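Asks: generate a structure from the sequence data that follows.
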Amino acid sequence: MEVSGKRRDPDLNKGSDDTTVYCQPCEEEGKRSVAQGFCQTCQEYMCDPCIMAHKKFKVSRNHIMLSKDKMPSFYPSTKQSDLGVTEYCKTHPNEMIKFYCPTHSDLGCSDCVVIGHRTCKVDYIADVSKDFTNEREFRELEPSIKRAEDLLSGCISKVKELFDEVKHKSKDEIDRLRKFRAEINTYLDRREKELLGNIQKMKTEDESALTELKTDCELAKCGLEATRTELTSVDVSVNQRYVTARRAQKELREIHNKMEKMAGRMKAARKYRFVEDADTKRLLGSKMGLGTLNMAGELGRNRMLNYYYLPIS
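Replies: Have a look, this model is predicted:
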């Protein structure tokens, strides 16, 4: 493993030191308790009571607390922010980031270098950081970030515009759909009214014809009843009975003729039924009734394309 400008890491061998570490909050109160854990967020060693109190309060209950077997082996007399150190390694939480691998663009601790970068030429951050911050690459980084921020701000603005466009487009298409649905409802209401009117008209006409037929039958029946009464009456003379009989014969012939016509009128009573429209029936079985959504293209794709490429110097 080749390390560019690397000095020996002073912390590599400290894990073997038999050093008792004490609770820092207790020391500030003049007490002395053996540390049982390390708060990586606060950069403090703590005893069990302090750890329990630390987890109790909302402001600190989500802090990263390392157990005794994983806490750093060295005893910092000051907080991390007061030292010229970096931050703890995400892969090895009890180690500090001290190296950078240009080949893989990776930052890591001593363990990371040993495990994953044995053949790489790595930089020791403490040796190269000062020179790097004075170089052009570092000076151009902030303007590049600013340009990327500006591009992203433009992208965010464009997304907001597209949000408004999507909202208005949705409203317009919903309005069109509901307008078409209202037209269909109006059409169906009109056709229903027409059909109901036709049914009512035929019902009225048929009822009128049947009422007239019933009246004719009732009048003929009443006439026959009167004739029969007169024929059987003892108060009627023989001559009058003869006259009534001859008149009755003529009436019976007329009634028979009327009854034949009445039978024809009864046979002529209309038979009708509602027949479903075939096109409407097919519409009810269609999965695309009312219409479909025609996708003309991806909304705003071309307008957004340029924002996906952020030039970095």
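Asks: so in terms of bridging, what pairs with residue 39?
Replies: residue 44, residue 65 (DSSP bridges).
Asks: tally of neighbours for it?
Replies: 21 (other Cβ atoms under 10 Å). For glycine as for every other residue, the C-beta is placed from the backbone atoms N, C-alpha and C.
Asks: residue contacts, it?
Replies: 46, 51, 54, 60, 63, 64, 65, 66 (Cβ atoms under 8 Å, 6 or more residues apart in numbering).
Asks: what is the longest helix along the chain packed up against?
Replies: If you go by DSSP state H, the chain has its longest helix at helix 141-232. With contacts taken as 3 or more Cβ pairs under 8 Å, 6 or more residues apart in numbering; DSSP states H and E, helix 141-232 sits against helix 238-267, helix 301-305.
Asks: and residue 208, how far from residue 219?
Replies: Computed as Cβ to Cβ, to the nearest Å, the residue 208 to residue 219 distance reads 17 Å.
Asks: low-confidence ranges, the stretch 51-200 of the chain, go.
Replies: 73-85 (pLDDT under 70).
Asks: same question for the stretch 201-313 of the chain.
Replies: Those would be 265-269, 296-313, if you go by pLDDT under 70 across the stretch 201-313 of the chain.
Asks: let's see 50
Replies: Applying pLDDT under 50 to the stretch 201-313 of the chain picks out residues 304-313.
Asks: now stretch 247-263: how far from the chain's centre is it?
Replies: Its chain's C-alpha centre and that of stretch 247-263 lie 80 Å apart, by Cα atoms, centre = their mean, to the nearest Å.
Asks: likewise stretch 105-114?
Replies: Using Cα atoms, centre = their mean, the offset of stretch 105-114 from its chain centre is 44 Å.
Asks: buried set for stretch 231-249?
Replies: Across stretch 231-249, burial judged by 16 or more other Cβ atoms under 10 Å covers 244, 248.
Asks: can you check stretch 255-275 too?
Replies: For stretch 255-275, using 16+ other Cβ under 10 Å, the buried residues are 255, 258, 262.
Asks: contacting residues for the first one?
Replies: Residue 255 makes contact with 220, 224, according to Cβ under 8 Å, 6+ apart.
Asks: how does it look with 6 Å?
Replies: Residue 255 makes contact with residue 220 under the criterion Cβ atoms under 6 Å, 6 or more residues apart in numbering.
Asks: so how far is residue 64 from it?
Replies: 114 Å.
Asks: cool, and the last one?
Replies: Using Cβ to Cβ, one gets 105 Å for the distance from residue 262 to residue 64.
Asks: so which of the buried residues of stretch 255-275 comes closest to residue 202?
Replies: Residue 202 lies nearest to residue 262 out of the buried residues of stretch 255-275, by Cβ to Cβ, at 20.3 Å.
Asks: look up the closest residue to the closest one, ignoring the ones flanking it.
Replies: What sits nearest to residue 262 in space, not counting adjacent residues and going by Cβ to Cβ, 6 or more residues apart in numbering, is residue 213, at 5.8 Å.
Asks: count of residues packed around the one you found?
Replies: 15.
Asks: over to the one 3 residues further on?
Replies: Here the count is done by other Cβ under 10 Å, and residue 216 has 15 residues near it.
Asks: cool, and the one 5 residues further on?
Replies: Around residue 221 there are 11 other residues, counting by other Cβ under 10 Å.
Asks: gap between it and residue 48?
Replies: 116 Å.
Asks: mind listing the helices for the stretch 1-150 of the chain?
Replies: 24-28, 48-56, 110-116, 125-132, 136-139, 141-232 (DSSP state H, counting those that start in this stretch).
Asks: turn the ones you listed into CSV, columns for distance to residue 101.
Replies: Shown next, in CSV, are these (distance: least, Cβ to Cβ, whole Å):
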stretch, distance to residue 101
helix 24-28, 34
helix 48-56, 35
helix 110-116, 8
helix 125-132, 11
helix 136-139, 16
helix 141-232, 18
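Asks: out of those helices, which is closest to residue 93?
Replies: Among those, if distance is taken as Cβ to Cβ, the winner is helix 110-116, at 10.7 Å.
Asks: can you get me a residue count around residue 65?
Replies: 19.
Asks: touching, it and residue 38? I think so.
Replies: No: counting by Cβ atoms under 6 Å, residue 65 sits too far from residue 38 to count as a contact (7.4 Å).
Asks: thank you kindly, that will do.
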